[in-house]
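Undergrad: Model the following, please.
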Amino acid sequence: MFVVTLLTDPARPALDRAAVEALRDAWGGGQAHWLAVGEAAEFAVETIPSNRWDVWQALQAQGIDLVVQPAENRRKKMLLADMDSTMIQQECIDELADVAGVGARVKDITAKAMNGELDFDGALKERVALLAGLPESVIGEVLETRISLMPGAQELLRTMKENGAYCALVSGGFTAFTAHIAAVLGFDENRANTLLTQDGKLTGKPGLPILGREAKVQALEEITARLGLTHGDVLAVGDGANDLGMLKIAGAGVALHAKPSVAAQCDIRINHGDLTALLYIQGYAKTDFA
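TA: The predicted structure follows:
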């Protein structure tokens, strides 16, 4: 059996009963169940419909995300999350670069790296080099004035942890940021790159080795082995090319507001919903949110 989930942006609910029931009838599904009126609904089907992606495309134009996944083991025991543009709304290195006066140049490199057009390690070194001489104190200022949580982040962490899930934040960004975000949201652990400093200023070099795509895969494998879990027990979420490794081997790999080249390689694509979508696709109703 498979579960079909339809969801939309909670800030602008666009899901009506007629649309849900029309699709349910067309696909011969079971009774529709509302997880949140106007926001999310689901129903079961016996097989994945052959026109799944055509319907997905049509619903995208209406502001609706469509997810079809196996019903078995849908509620996950572990969350493995990217940070930049996933758990937070910004790219931390871009914000640091903006303060340093090299924002436009760094943002261009970031965009290309996240889209898979540049080697991640090389792109990170190039961007960090442009931050040389920046006072270390700027990190705290950026965290306080420029960084905001992605909508639904707190509900996602609280609900999954309340239901026994282990939560890990794994970022190609920097520990100076992941440590703070992990503490704010309640992640059990965090992994990221380091920004080297000397005499209170950034040296323009990252600590080695660089945590990139393979390191995120390694994190998934190490943590699941330590906890006695399988890859199928993991819900991974990210938006960039360096997330694809973990997204592809996790039981549920979610491309959240992802770069087009990244989303195209994932079966679960959330373009309209916020992070509460990751609860809805596990079968949590809004009344279940912690």
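
Undergrad: What are the boundaries of the strands in the stretch 151-290 of the chain?
TA: Chain-ordered strands for the stretch 151-290 of the chain, with DSSP state E, counting those that start in this stretch as the definition, fall at 166-174, 189-193, 195-198, 201-206, 234-238, 252-256, 268-270.

Undergrad: and the angle for the first one with strand 234-238?
TA: Inter-element angle recorded for strand 166-174 and strand 234-238: 30 degrees (by axes from the mean of the first three to the mean of the last three CA atoms, to 10 degrees).

Undergrad: how about strand 166-174: buried residues?
TA: Within strand 166-174, the residues scored as buried using 16 or more other CB atoms under 10 Å are Y166, C167, A168, L169, V170, S171, G172, G173, F174. Placement of C-beta: from N, CA and C, glycine included.

Undergrad: Adding distance to S148 as columns, could you present the residues you listed in JSON lines?
TA: Compiled in JSON lines, these are given as follows (distance: CB to CB, whole Å):
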{"residue": "Y166", "distance to S148": "25"}
{"residue": "C167", "distance to S148": "19"}
{"residue": "A168", "distance to S148": "21"}
{"residue": "L169", "distance to S148": "16"}
{"residue": "V170", "distance to S148": "20"}
{"residue": "S171", "distance to S148": "16"}
{"residue": "G172", "distance to S148": "19"}
{"residue": "G173", "distance to S148": "15"}
{"residue": "F174", "distance to S148": "17"}
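
Undergrad: Show me how the protein divides into domains.
TA: What automatic domain parsing lists as the domains of the chain is 1-72, 76-290.

Undergrad: most packed of the ones you listed?
TA: domain 76-290 (a mean of 19; mean count of other CB atoms under 10 Å).

Undergrad: Could you report the distance from T8 to A277?
TA: 9 Å (CB to CB, to the nearest Å).

Undergrad: what sits in contact with each of the two?
TA: A40, D65 (CB atoms under 8 Å, 6 or more residues apart in numbering).

Undergrad: Restricting to C-alpha, output the helix or strand of the chain with the lowest mean pLDDT in PDB.
TA: In the chain, no helix or strand scores lower on mean pLDDT, DSSP states H and E than helix 103-114, which sits at a mean of 85. Taking Å, rounded to 0.1, in the frame of the first residue of the first chain, the C-alpha atoms of helix 103-114 are listed here in PDB:
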ATOM      1  CA  GLY A 103      28.000  39.600  -0.600                       C
ATOM      2  CA  ALA A 104      27.200  39.600  -4.300                       C
ATOM      3  CA  ARG A 105      30.300  37.600  -5.200                       C
ATOM      4  CA  VAL A 106      29.800  35.000  -2.500                       C
ATOM      5  CA  LYS A 107      26.100  34.600  -3.100                       C
ATOM      6  CA  ASP A 108      26.900  33.800  -6.800                       C
ATOM      7  CA  ILE A 109      29.400  31.100  -5.800                       C
ATOM      8  CA  THR A 110      26.900  29.700  -3.200                       C
ATOM      9  CA  ALA A 111      24.100  29.500  -5.700                       C
ATOM     10  CA  LYS A 112      26.300  27.600  -8.200                       C
ATOM     11  CA  ALA A 113      27.700  25.300  -5.600                       C
ATOM     12  CA  MET A 114      24.200  24.400  -4.200                       C
END
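
Undergrad: Pull the contacting residues for T86.
TA: Neighbours of T86 in contact, by CB under 8 Å, 6+ apart: M150, V237, G238, D239, L256.
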